[in-house]
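# I would like to see how this sequence folds:
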Amino acid sequence: MSTTPRPSRAGRRRLPSAVPVTALAGCLLLTGCGAGPEDPPGPTSPENTAADGGHAGGDGEDVPHGYVEGAEETADQQSRMVLASGAGEPVHVLDLVSGETTPLGEAGEAGATGEGPAPIVGDGRFAHLLEGEAVRVVDSGAWTVDHGDHVHHYRAAAREVGAARAAEPVAVHTDTAVTAITLADGGALLLDRSAAEDGELAELLRIDDAEGPVLPFDGGLLVPVAGADGAGRVEVRDRAGGPVAAPEAECSDPAAGAVTRRGAVYVCAEGALWFTAGGNGEPEVTALPWPEGTAEEDRPTELRHRNDGSVLAARAGDRGVWVLDLTDPVWRLWETGPAVAVNAVGEDAPVLFVDPAGELVSVDPASGGELARVALLEPASEGSVPAETVIEVDTRRVYVNDIAERRIHEIDARDDLRVARVLPVEAEPRRMVVTGR
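Here you go, the predicted structure:
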């Protein structure tokens, strides 16, 4: 994802927010696990805070390249996990290296996205809990900055930033400058992501006419709208909401969106729209139609991928798994049978899914051939594992939440789904995201 300018503080409005909670150490959610991942992590995505050192500090003196006030730069990636169980119970930040946990505030009730605890959306550093009337923002205190030829890894104290008032939020997408919150009844709220780095929530803009997920992309915004002729389209706007371009490609009923290193993707009734960076802030648009015979109930409603990956995976109703590899952009449907959770490890790497019986399965994204299978979770009496089961992909490891057994499985996806660690936790891990990438 391209780096975008840091918004001016003068152009943002500070929002009322929850009182930040002081990070507490020693209240261990994790018990009986190892010290950290076996293998050193690799480079990660630029979808994180920009940390450009070498500038003058507050006293006029130069500071080292990569310096970030209040954070410690580390040699290796600092992977952490933000966990939530039931509504009204603490949110925890679990350090996957040290095993320590930090409790931060309470999880709220889910809004338009369903019942139970609020879903969590991560962006590599921040976790966003989508509640009924707000988006609660948690700073995990672990992130990576990619400068292209090198990366910087950071760690700091985890903290709750606050709650942005947003009625029925259904999606969150970010880049290095802005956080776009899409609402169930249309419209979106844009927050200054750099303010969140400072522990504040600041509103930049409200968009009233969005008809689907708003995506920060290539220094601007992608906004699904209903055209004058009634057809759905995706407009390109600047960060102030002004028009930049109005591509003719149609996008009816935009159900999901994602931003990757190789561009932004929308799921539409007609197929996918793939936006790639162009000149003068005007992206190029490519239509990727559904294979012939694709039924409406088989279209994706969510796209899953690793932060720095360009392979997207999604559930295809009861039929199987969708794969869209942007190095060869054609929809592929692998009829594996129903999947409860899916994710893509990255380029030249497997696509993973958990089936209703609780088996984790690895498939070749190009052929759909099964590579490995392991019995991981125990299905409930209804015959399936919980719908809240997720697969989170880090740089070297994959994590699957085992809600019934109150533990998290750390998997090596490139070694026949070997279980590298099992992380017991005290509360049901019903929601989780991995950060530090």
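
# can you pull out the strands in the stretch 51-200 of the chain?
72-74, 80-84, 90-95, 101-106, 120-122, 126-130, 134-139, 142-146, 151-155, 159-165, 169-174, 178-183, 188-192 (DSSP state E, counting those that start in this stretch).

# make a markdown table from those and add distance to Glu347 to it.
Backbone N, C-alpha and C define where each C-beta goes, glycine included. Below are these laid out as a markdown table (distance: least, Cβ to Cβ, whole Å):
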| stretch | distance to Glu347 |
| --- | --- |
| strand 72-74 | 26 |
| strand 80-84 | 24 |
| strand 90-95 | 28 |
| strand 101-106 | 33 |
| strand 120-122 | 21 |
| strand 126-130 | 25 |
| strand 134-139 | 29 |
| strand 142-146 | 16 |
| strand 151-155 | 18 |
| strand 159-165 | 33 |
| strand 169-174 | 21 |
| strand 178-183 | 26 |
| strand 188-192 | 30 |
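
# what's the distance between Val398 and Leu360?
Distance from Val398 to Leu360, counting by Cβ to Cβ, to the nearest Å: 8 Å.

# now list whatever residues contact both of the two.
352, 391, 411 (Cβ atoms under 8 Å, 6 or more residues apart in numbering).

# which one (most neighbours) among these?
Ranked by the number of neighbours (other Cβ atoms under 10 Å), these place Leu352 first, at 27 neighbours.

# for that one, name its beta-bridge partners.
Asn343, Ser362 (DSSP bridges).

# measure how buried Leu333 is and give me the count.
By other Cβ under 10 Å, 19 other residues sit near Leu333.

# can you start the count at 16 instead of 1 from here on
With the count now opening at 16, the last piece we talked about shows up as Leu348.

# assign Asn295 to helix, strand or coil.
Under DSSP: H, G, I helix; E, B strand; the rest coil, Asn295 falls in the helix class.

# which one among the shared contacts of Val413 and Leu375 gets closest to Glu124?
Nearest to Glu124 among the shared contacts of Val413 and Leu375, counting by Cβ to Cβ, is Ile406 at 24.4 Å.

# surely the closest one and Ala328 touch.
No. Counting by Cβ atoms under 8 Å, Ile406 stays clear of Ala328, with 9.0 Å between them.

# tell me, what's touching those two both at once?
319, 357-358, 367-368.

# can you tell me the helix or strand for Leu219?
Per DSSP states H and E: Leu219 is located in strand 217-222.

# do Asp224 as well
Here Asp224 is assigned to no helix or strand, by DSSP H and E.

# measure it to Ser377 for me?
Per Cβ to Cβ, Asp224 is found 42 Å from Ser377.

# of those two, who's got more company?
Just comparing Asp224 and Ser377: by other Cβ under 10 Å the higher neighbour count belongs to Ser377, 22 against 13.

# my read: the more buried one touches Ala387, true?
Yes. With contacts counted by Cβ under 8 Å, Ser377 reaches Ala387, the gap being 4.4 Å.

# ok, Pro239 - contacts?
Listed by Cβ under 8 Å, 6+ apart, the contact set of Pro239 reads 225-229, 247-250, 266, 269, 281.

# who does it bridge with?
Val249.

# and stretch 373-391, what's buried?
373-378, 380, 383, 386-387, 391 (16 or more other Cβ atoms under 10 Å).

# actually, stretch 161-177.
In terms of neighbour count (16+ other Cβ under 10 Å), stretch 161-177 has its buried residues at 161, 166-171, 173-177.

# closest to Gly286 among the residues you listed?
Asp161 (30.5 Å).

# the closest one pairs with what?
Under DSSP bridges, the beta-bridge partners of Asp161 are Val166.

# quick one: it from His188, how far?
Asp161 is 18 Å from His188, by Cβ to Cβ.

# sorry, back to before: how far is the helix or strand following the strand holding Leu219 from where the chain is centred?
Moving toward the C-terminus from strand 217-222, the next helix or strand (DSSP H and E) is strand 230-232. Centroid separation for strand 230-232 versus its chain: 13 Å, with Cα atoms, centre = their mean, to the nearest Å.

# same check on stretch 420-436?
A distance of 20 Å separates the centroid of the chain from that of stretch 420-436, by Cα atoms, centre = their mean.

# which residues are contacting it?
48-49, 52-53, 96, 111, 360, 364-365, 367, 375, 377, 386-389, 391-393, 408, 411-417, 437-444, 447.

# mind checking the pLDDT average for that stretch?
Mean per-residue pLDDT for stretch 420-436: 96.

# end to end on it, go ahead and measure it.
Stretch 420-436 stretches 14 Å from its first residue to its last (Cα to Cα, to the nearest Å).

# ok so, going back, what would the shared contacts of Val413 and Leu375 look like in JSON lines with distance to Val78?
As requested, the shared contacts of Val413 and Leu375 are arranged in JSON lines below (distance: Cβ to Cβ, whole Å):
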{"residue": "Leu367", "distance to Val78": "42"}
{"residue": "Ile406", "distance to Val78": "39"}
{"residue": "Ile426", "distance to Val78": "40"}
